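please work out how this folds:
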Amino acid sequence: MLLTIIRKELLSYIVTFRFVTGFVLCAFLVPVSAHVLTRDYAERLDVYSLSSQAHRSELDSVQVYSELKVTIDRKPTVLSILCAGLEKQVGNTVTIHHGEVPAIARRHGRSNPLLAAFPEMDIATIAMVVFSLLAVLFAYDTIVGEREDGTLGQVLSNPIPRGHLLLGKYIGGILPLSILVVFSLLIGLLVMSLSPSVRIESSDWPRVLLMVCVILIYSSAFYTLGILLSVLCGRSATALMLLLFLWVLLVIVIPASASYIASRIHVAPLEGDTKLQSDRVWDQFEEEAEKIRRKYPGRGWTFGSRFDEHVVKVYDGDREGMLDLLEQRKRLEPLRIRYADRAWQVYQSYYDRLYEQSMLARNLSRISPAAAFYNVAAALAGTDVNAHLAFLKRARQYRDELITYMKSKQAFSSLLYFTRKTEGELRTQEELKEAMVRGEDIEGKGWDAVAPLELGDLPRFDQHPAAVSASVEPVLVDLALLVALNVIFFILAYMLFLRGHVK
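Numbers count the residues shown, from 1 in each chain. Below is the predicted model of the structure:
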């Protein structure tokens, strides 16, 4: 009997106008969105390739260790086509230097800020909005429609348990919706795979399959909500109006207002105040650094020199001044590293508060199944806030590796920090004067004739994507909420249906 009910419901849904309309709508929206976002991904991938190549070439021009800084770029995530998350809103490049702890990423690439008014709709957003709306439209008259036309009473006049009837209507209704969802997603994946820029690795497919499952669970939550209201209401029009109101509230209002409410409950410190605290740290550094500079001035005769905040380059200079400068750097650079760590502690407190605020907004938005769904989708795609924070954390770890590497090369305690002259090649001021009197061109071609440092053993920055289990772990609560909503809505519908009238 249950199979008969399922077959009847399935056939009745497939021939309805709403199913055909929803099928056409999804079969159009998902592939078009996949095409647009695939092209966008290809452009971002090209920009990443050019940017990372330019940054690698910068390392080929490093002539002294004071110039050594490594700029790393985060490769666009291929699954951002399915769920963009935060990937295009946050920075994607970080410069690593021993004198600064990376706290935030900058953005590279070409973008038109005027286009921000026209946000792109990724496939997860289509699922969040369109699929949930279709689920509501499919379910609103499941029970109340048959009650209005008298069919329900005729069906229940047969020896059919009400639980079987409700379960059959659920399965018979969710199946065509699932067919619609899966078919449109398959077309979207096909469009993605046709692009030569898109390479979905074997490790990505479990994420894709899980995302499809989450979309179905999310759509089912709204379908069971529709069944609940269909049982509860006396008229189809009333059920539809209530469902549309709840849909707007759950899908649009709550997710949009969660961040505003969180910012009022959990007030984050001002960035300007944090910068002032950081500036005080660096002011203390300058006070100590000035004492070192006065003790070791290091500014004798120099040729082809450059003295910036971090970069110190001297092509040639008098022996006393160069050795003085070496002693200065031996003390200044380790001091700079320590103060960079202290400045980072100030910013770490600031970013921790921001993270707490974002987590509060996330917890508040979990009232909405739409927000819970998007949290899971972004985590599976690797475009959520945790993926970005993992990138920055890895960048800070890489800074420690870079410092260790420089210490192993005695970069802070050798002349190679700022010059390519060896101690035996240095001359006194008197010797330099005599050379100038003889007409010797001391600088000659200068730095243009100096070969770059050999950095073949420089540690490479690598960041492997998190395992699927590690990605899902932070959003298990969201996933559990989606499953729980399905169970709760169905149980409530079942209990009300057992006690409800059939006319």
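
what residues does stretch 358-370 touch?
128-129, 132, 218, 221-222, 250-251, 254-255, 258-259, 261-263, 265-266, 371-372, 375, 385, 477-478, 481-482, 485 (Cβ atoms under 8 Å, 6 or more residues apart in numbering). C-beta: built from backbone N, CA, C; applies to glycine.

now do it: distance to the chain's middle.
Distance, stretch centre to chain centre, for stretch 358-370: 17 Å (Cα atoms, centre = their mean, to the nearest Å).

buried ones in it?
Across stretch 358-370, burial judged by 16 or more other Cβ atoms under 10 Å covers Ser358, Leu360, Ala361, Arg362, Leu364, Ser365, Arg366, Ser368, Pro369, Ala370.

one more: stretch 445-462?
Val450, Leu453, Leu458, Phe461.

now stretch 226-237
Using 16+ other Cβ under 10 Å as the test for burial, stretch 226-237 gives Gly226, Ile227, Leu228, Leu229, Ser230, Val231, Leu232, Cys233, Ser236.

equivalent analysis for stretch 170-177, please.
Applying a neighbour-count criterion of 16+ other Cβ under 10 Å, one finds Tyr170, Gly172, Gly173, Ile174, Leu175, Pro176, Leu177 buried in stretch 170-177.

next secondary structure after the helix or strand where the second one lies?
Element membership for Gly172 (DSSP states H and E) is helix 162-193. Tracing the chain past helix 162-193, the next element assigned as helix or strand by DSSP H and E is helix 205-232.

list the buried ones in that next one?
Neighbour-count burial for helix 205-232 flags 207-208, 210-212, 214-232 (criterion: 16+ other Cβ under 10 Å).

could you export the buried residues of stretch 170-177 as JSON lines, including pLDDT and distance to Gly85?
Shown next, in JSON lines, are those (pLDDT from 0 to 100; distance: Cβ to Cβ, whole Å):
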{"residue": "Tyr170", "pLDDT": "91", "distance to Gly85": "31"}
{"residue": "Gly172", "pLDDT": "89", "distance to Gly85": "35"}
{"residue": "Gly173", "pLDDT": "88", "distance to Gly85": "31"}
{"residue": "Ile174", "pLDDT": "91", "distance to Gly85": "27"}
{"residue": "Leu175", "pLDDT": "91", "distance to Gly85": "30"}
{"residue": "Pro176", "pLDDT": "91", "distance to Gly85": "30"}
{"residue": "Leu177", "pLDDT": "91", "distance to Gly85": "25"}
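
nearest to Arg499, of the residues you listed?
For the buried residues of stretch 170-177, the residue nearest Arg499 by Cβ to Cβ is Tyr170; the value is 18.3 Å.

could I get the average pLDDT for stretch 217-228?
For stretch 217-228, mean pLDDT is 95.

using PDB, write out every CA atom in that stretch.
Below are the C-alpha coordinates for stretch 217-228, written out as PDB (Å, rounded to 0.1, in the frame of the first residue of the first chain):
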ATOM      1  CA  ILE A 217      18.600  17.400   3.200                       C
ATOM      2  CA  TYR A 218      18.100  21.200   3.100                       C
ATOM      3  CA  SER A 219      15.400  21.000   0.500                       C
ATOM      4  CA  SER A 220      13.700  18.200   2.400                       C
ATOM      5  CA  ALA A 221      13.600  20.400   5.500                       C
ATOM      6  CA  PHE A 222      11.500  23.000   3.700                       C
ATOM      7  CA  TYR A 223       9.400  20.200   2.200                       C
ATOM      8  CA  THR A 224       8.600  18.700   5.600                       C
ATOM      9  CA  LEU A 225       7.800  22.200   6.900                       C
ATOM     10  CA  GLY A 226       5.400  22.500   4.000                       C
ATOM     11  CA  ILE A 227       3.700  19.200   5.000                       C
ATOM     12  CA  LEU A 228       3.500  20.500   8.600                       C
END
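
who's in contact with that stretch?
Here stretch 217-228 has contacts from 127-128, 131-136, 138-140, 142-143, 166, 169-170, 173-174, 177-178, 181, 239, 243, 246-247, 369-370, 372-373, 479, 482-483, 485-486, 489-490, 492-493, 496, using Cβ under 8 Å, 6+ apart.

tell me the helix or strand right after the longest helix seen in the chain.
Ranked by residue count under DSSP state H, the longest helix found in the chain is helix 319-365. Counting by DSSP H and E, the next helix or strand C-terminal to helix 319-365 is helix 369-381.
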